[in-house]
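Asks: next input, structure requested:
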Amino acid sequence: MAGNAGFREAKGDLRLENVTKSFADFTAVDDLSLVVPRGSFFALLGPSGCGKTTTLRMVAGLEQPTSGRILIGDTDLTGSRPYERPVNTVFQSYALFPHLTVRDNVAFGPKRRGLKNAVQLADEALDLVQLPHLAARKPAQLSGGQQQRVAVARALVNRPEVLLLDEPLGALDLKLRRQMQVELKRIQTEVGLTFIHVTHDQEEAMTMADTVAVMNHGRIEQMGAPEAMYDLPTTAFVANFVGQSNLGAGRIIDTDGDRLVAEVQGSRVKIPKARSSVHSGEVMFGVRPEKVRVRREQPEGIGDDVKGVVRDVSFIGVATQYLVEVPSGAIWSAYEQNLDVEPIDLRPGDEVWLTWQSGHAFGVPPDDDAAASPMVIDTAAED
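Replies: Model (predicted):
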């Protein structure tokens, strides 16, 4: 095992090998293997209790795995203490020293390590987060967004090999959160460090990360580029957690060229074979709300449409959301962009046809839980 300096000098990809973490009779992280390429922006996304924060704490050294290894490059960090690792964490509570100025807060780490140019390093870090003009202020004189930036500067000044972000934007209001998403991505691109961001906010993960891993029950359900994961989820859980999906349980009954034909709750639909992780038997059919059109009349041709009754119409600015009850009793959602071409004249109780292009549909393995609550996402608590 390397000495303290050896841990701190570790460089390379972050690797988790068969990492499990159990607390008494509860397994928080279950045989997790993962590679985060050096210099990438990686997001761990999932609901409360899925194991994402526990994973982050193990990378930080705040928890030790029950089994498995955590490495940076070829250096095995398992068993080492947090201060021995080339890892810094930015928490949701910024934990700044109230009696120190912003500059001294940021210089604290380098000073403690005995670096002669600690103040210069602090000023460079404050430049990076665009706060040099506030260096002489105390934290209490800063807004939440400014305190957030100081916390990021304080972590970056140590030039860690890996920067961990634990729900860092949770305390900010929506507009500020959006601005900070753009800022954090800019900072990460500029410094080229590995950022690992833990969040239950799917929009936040998709805005910033190169790669998103969706966790559920201590395992990774799906991992990939945000746009690929949104367009083509491989499980019902991911289909619902990354955005919303209209899902229906059905059975594959035939093929038609490069498409599967499925019977879904009384309707016959087609799914491209390349967009389905199931090719026979039971299937969960899905289509995203923005891909669904609402029509008053049944369209020409057969299939890829379903009759329903409007239950709710919500004007949300750029789009109008329709909630439509289909014959199975499920509530489907459709978004129509507000282009002012046709006025919104649909009302609850109106009969409509929902239509979509079969090329937008996807198929995933059946999941009773996802079918039962297709639009409920818990973003309230944290694990």
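Asks: low pLDDT regions in the stretch 201-350 of the chain?
Replies: Scanning the stretch 201-350 of the chain for pLDDT under 70 picks out the ranges 301-303, 340-344.
Asks: at 90 what do you get?
Replies: 201-204, 207, 240-244, 248, 264-268, 295-307, 315-320, 326-330, 336-347 (pLDDT under 90).
Asks: where do the strands of it begin and end?
Replies: Using DSSP state E, counting those that start in this stretch, the strands found in the stretch 201-350 of the chain span residues 211-216, 219-224, 246-256, 259-264, 267-272, 281-287, 293-295, 305-315, 319-325, 331-337.
Asks: ranking those by burial, who's on top?
Replies: Highest mean neighbour count of these: strand 211-216, a mean of 24 (counted as mean count of other C-beta atoms under 10 Å). Yep, even glycine has a C-beta here, placed from its N, CA and C like the rest.
Asks: contact partners of it?
Replies: Strand 211-216 has contacts (C-beta atoms under 8 Å, 6 or more residues apart in numbering) with 34, 36, 40-47, 50-52, 55, 205-206, 220-226, 229, 237-238, 241-242.
Asks: between it and strand 219-224, how many degrees?
Replies: Angle of strand 211-216 versus strand 219-224, following axes from the mean of the first three to the mean of the last three C-alpha atoms, to 10 degrees, is 160 degrees.
Asks: tell me the neighbouring strands of strand 211-216, and mark each as parallel or antiparallel.
Replies: Looking at strand 211-216 with DSSP bridges, its partner strands are strand 41-45 (parallel), strand 219-224 (antiparallel).
Asks: so who does residue 284 touch?
Replies: 236, 239, 247-250, 278, 363-367, 370-371 are the contacts of residue 284 under C-beta under 8 Å, 6+ apart.
Asks: can you turn the buried part of these into a PyMOL selection?
Replies: To isolate the buried members of the contacts of residue 284 in PyMOL, using 16 or more other C-beta atoms under 10 Å:
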select buried, resi 236+239+247+248+249+250+278+363+364+366+367+370+371
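Asks: quick check: residue 297 touching residue 353?
Replies: Yes. The criterion here is C-beta atoms under 8 Å, and residue 297 meets it with residue 353 at 6.8 Å.
Asks: how far away is the nearest residue to residue 246 once chain neighbours are set aside from residue 35?
Replies: Distance criterion C-beta to C-beta, 6 or more residues apart in numbering; nearest residue to residue 246, sequence neighbours excluded, is residue 332 at 4.4 Å. Distance from residue 332 to residue 35, counting by C-beta to C-beta, to the nearest Å: 38 Å.
Asks: all helices of this protein, in order?
Replies: 4-8, 52-60, 102-112, 118-128, 144-156, 174-191, 202-208, 226-231, 236-241, 368-372 (DSSP state H).
Asks: what's the closest of the strands paired with strand 211-216 to residue 186?
Replies: Between residue 186 and those, the tightest spacing by C-beta to C-beta is seen for strand 41-45, at 10.8 Å.
Asks: how far does that closest one sit from the chain's center?
Replies: Using C-alpha atoms, centre = their mean, to the nearest Å, the mean C-alpha position of strand 41-45 is found 6 Å from that of the whole chain.
Asks: again with stretch 169-183
Replies: 15 Å.
Asks: go through that stretch and flag the buried ones.
Replies: Those would be 169, 170, 172, 176, 177, 180, 181, 183, for stretch 169-183 by 16+ other C-beta under 10 Å.
Asks: tell me the one of those nearest residue 30?
Replies: Distances from residue 30 to the buried residues of stretch 169-183, taken by C-beta to C-beta, are shortest for residue 170, at 25.4 Å.
Asks: against residue 68, how distant is the closest one?
Replies: From residue 170 to residue 68 the distance is 28 Å (C-beta to C-beta).
Asks: same thing with residue 274?
Replies: Residue 274 is 34 Å from residue 68, by C-beta to C-beta.
Asks: which one of those two has more residues nearby?
Replies: residue 68 (17 against 10; other C-beta atoms under 10 Å).
Asks: the more buried one touches residue 22, doesn't it?
Replies: No. Contact criterion C-beta under 8 Å: residue 68 and residue 22 do not qualify, at 11.3 Å.
Asks: domain map for the chain?
Replies: Following automatic domain parsing, one finds the domains of the chain at 4-226, 232-292+304-371.
Asks: quick one: mean pLDDT for stretch 111-126?
Replies: Averaging pLDDT along stretch 111-126 gives 92.
Asks: okay, residue 297 and residue 353: which has more neighbours?
Replies: residue 353 (16 against 7).
Asks: wait, that one touches residue 304, no?
Replies: No. Assessed by C-beta under 8 Å, residue 353 is found out of contact with residue 304, at 10.5 Å.
Asks: list the contacts for the closest residue to residue 267 other than its chain neighbours?
Replies: Nearest residue to residue 267 in three dimensions, chain neighbours excluded: residue 306, at 4.7 Å (C-beta to C-beta, 6+ apart). Counting by C-beta under 8 Å, 6+ apart, residue 306 touches 267, 326, 327, 332, 353, 354.
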